[in-house]
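Q: for reference, the sequence and a predicted model appear below.
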Amino acid sequence: MSDNSSSEGPALQDRTLLILGAAGPSKPLLFQAARARGIRTVLIKENATWEKEYCDDVLSLPVENYTDFEETVAAVVDYCRGQRVDGIITTFDSAVPVMAQVAEILGLNGPSPSAAAALRDKAAMRRRFAELGLPSAASILVRTLEEARAAVAEIGYPVVIKPTYGTGSAGVVLAHKAEEVEAAFDKAREVGLNLSDCSDLVVEEYLDGLEVTVDALVFEGEILFHNISDNPELMPGPTFPEVEFITPTAFPAETVATAFAANELTIKGFGLDNAVVHAEMRMTTRGPRLLELHPRPAGQRVPQIIGRSLGVDLMGAAIEIALGHRPTITPQRKGYAGYRAVCPEVPGTLKAINGLGDARSSAGVYDIEVVLDPGARLVTVPEAVQQDATYVYVEADTYEEVHQRLLAATALVELELELQ
């Protein structure tokens, strides 16, 4: 993928970047961007496999385990000192607190530990939004079913119930009426315990409107790049899988300016002066409302479509900022780009993915990425983090063309499952 972000080899060559955790082999983008810049890469991840091809050294250690947080931080710091680490980065929400603590101890770019703690805990995040006067959803921390019912009575239906330490739409459930509250509470609590051994939940106001991702690159307090990618489908619940994004946004300039202004206030309020920042918002009838904020690159395949549509290497620029280097970013509009995930509607074991050939020849498709192999066990939201089997990428001259082409191409792809 060509882009117009800086990849100044001499300035970054032989610098050492520490990566905390990594996803499956379908997500090498961060590692590839580091290699293109001549950066020495070290990884901390338990049971690393495919990543070893990209790394100069690997420490087998879980960095998402809060039970032994202080011991984990101490081990990471010791490792970093032996490796002469110049920058630190993660793509995982659950590794952000470790990243922040290590960055502070070693004097590296990263969020402060207090900001990281607030951004990881959805209840604390909402309180901080309120303190900063930022537009968000009404939210109440609950620990019991009785507290949840009281929160619902205060907020009013519909409500969303979710774990305080969730991710990837896991455990996020909508309740429209009193008879649905107990089941939603039980499911959110069960998933929260499985994900993070935490039973704390939040009951939140359901926000109408489309969901968007707002991504920013910030260096020394200056926002160098700001972009909105739309999820063009309403997510009315009861669960909230995110399957499609298109960029640039279709919202009018006035709405975009309002969203950017809210995001800038959020970035400043949390002191994210040197970071790649990923925010999620709902564009409601009352204006943009913040859902979440994360000091890490956008998830799923948003960085890929930003690169295709605007020529900006989001991952590469994030690495440069982590290393204290100001990236040169000159976006060049190339049209619209989007992706749509094919994910299971019911749990099962993947037997085959059919129709890929027809989908590849569909109008506007420039790539299809198969993420999972036959034999993979697929679990659906809200039971677990969303599991996508395939991504279909499309480009076109108009936003609506991208959306229609994505619908047409993914309709040709079928997941053949052995139901459990």
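A: Nice, I can see it.
Q: CA only for contacts and neighbour counts going forward, please
A: Will do.
Q: could you give the separation of stretch 96-112 from the chain centroid?
A: Relative to the chain's own centre, stretch 96-112 is displaced by 19 Å; criterion: C-alpha atoms, centre = their mean, to the nearest Å.
Q: cool, stretch 323-331 as well?
A: Worked out by C-alpha atoms, centre = their mean, stretch 323-331 lies 21 Å from the chain centre.
Q: I'd like the average pLDDT over it.
A: Stretch 323-331 carries an average pLDDT of 95.
Q: tell me where this protein has helices.
A: Remark: helices assigned in the chain by DSSP state H are 9-12, 29-36, 69-83, 96-106, 113-120, 122-131, 145-155, 178-196, 253-269, 302-310, 314-322, 356-360, 399-410.
Q: can you list contacts of the fifth one?
A: With contacts defined as C-alpha atoms under 8 Å, 6 or more residues apart in numbering, helix 113-120 is touched by 93-94, 96-97, 100-101, 104, 124-125, 128, 165, 270-271, 292-295.
Q: give me the buried positions along that helix.
A: For helix 113-120, burial by neighbour count (16 or more other C-alpha atoms under 10 Å) applies to 113, 115-120.
Q: what of the third one?
A: Buried residues in helix 69-83, counted by 16+ other C-alpha under 10 Å: 72-73, 76-77, 79-80, 83.
Q: next one: the last one
A: Neighbour counts using 16+ other C-alpha under 10 Å place 399, 401-403, 405-406, 409-410 of helix 399-410 among the buried residues.
Q: need the contact list for residue 351.
A: Contacts for residue 351 (C-alpha under 8 Å, 6+ apart) come out as 374-375, 415-418.
Q: try it again at 7 Å.
A: By C-alpha atoms under 7 Å, 6 or more residues apart in numbering, the contact list for residue 351 reads 374-375, 416-418.
Q: out of those, who has the most neighbours?
A: residue 417 (20 neighbours; other C-alpha atoms under 10 Å).
Q: against residue 383, how distant is it?
A: Distance check for residue 417 against residue 383: by C-alpha to C-alpha, to the nearest Å, it reads 18 Å.
Q: check residue 43 too.
A: 29 Å.
Q: what about these two, which has more around it?
A: Per other C-alpha under 10 Å, whichever of residue 43 and residue 383 has more neighbours is residue 43, with 26 against 20.
Q: mind listing what that one touches?
A: Contacts of residue 43 (C-alpha under 7 Å, 6+ apart): 18-20, 55, 57-59.
Q: what does residue 102 give?
A: 73, 77.
Q: what pairs with the closest residue to residue 301 other than its chain neighbours across the strands?
A: In space, and not counting its chain neighbours, residue 301 is closest to residue 339: 7.2 Å by C-alpha to C-alpha, 6 or more residues apart in numbering. In this structure, residue 339 bridges to residue 245, residue 393 when assessed by DSSP bridges.
Q: next, count neighbours for the residue nearest to residue 15 when sequence neighbours are not counted.
A: Residue nearest to residue 15 in three dimensions, not counting chain neighbours: residue 39, with 5.3 Å by C-alpha to C-alpha, 6+ apart. Using other C-alpha under 10 Å, residue 39 is surrounded by 24 other residues.
Q: ok, residue 39 to residue 323 distance?
A: Computed as C-alpha to C-alpha, the residue 39 to residue 323 distance reads 10 Å.
Q: just the ones in strands from the contacts of residue 351, please.
A: Counting by DSSP state E, the contacts of residue 351 place 416-418 in strands.
Q: give the rounded mean pLDDT of stretch 374-392.
A: 84.
Q: gap between the two ends of that stretch?
A: Taking C-alpha to C-alpha, stretch 374-392 runs 18 Å from one end to the other.
Q: what pLDDT does the residue nearest to residue 301 get?
A: We have a pLDDT of 97 for residue 339.
Q: do the same with the one 5 residues further on
A: Per-residue confidence (pLDDT) for residue 344: 87.
Q: now for it: which residues touch it?
A: Shown in contact with residue 344 (C-alpha under 7 Å, 6+ apart): residue 380.
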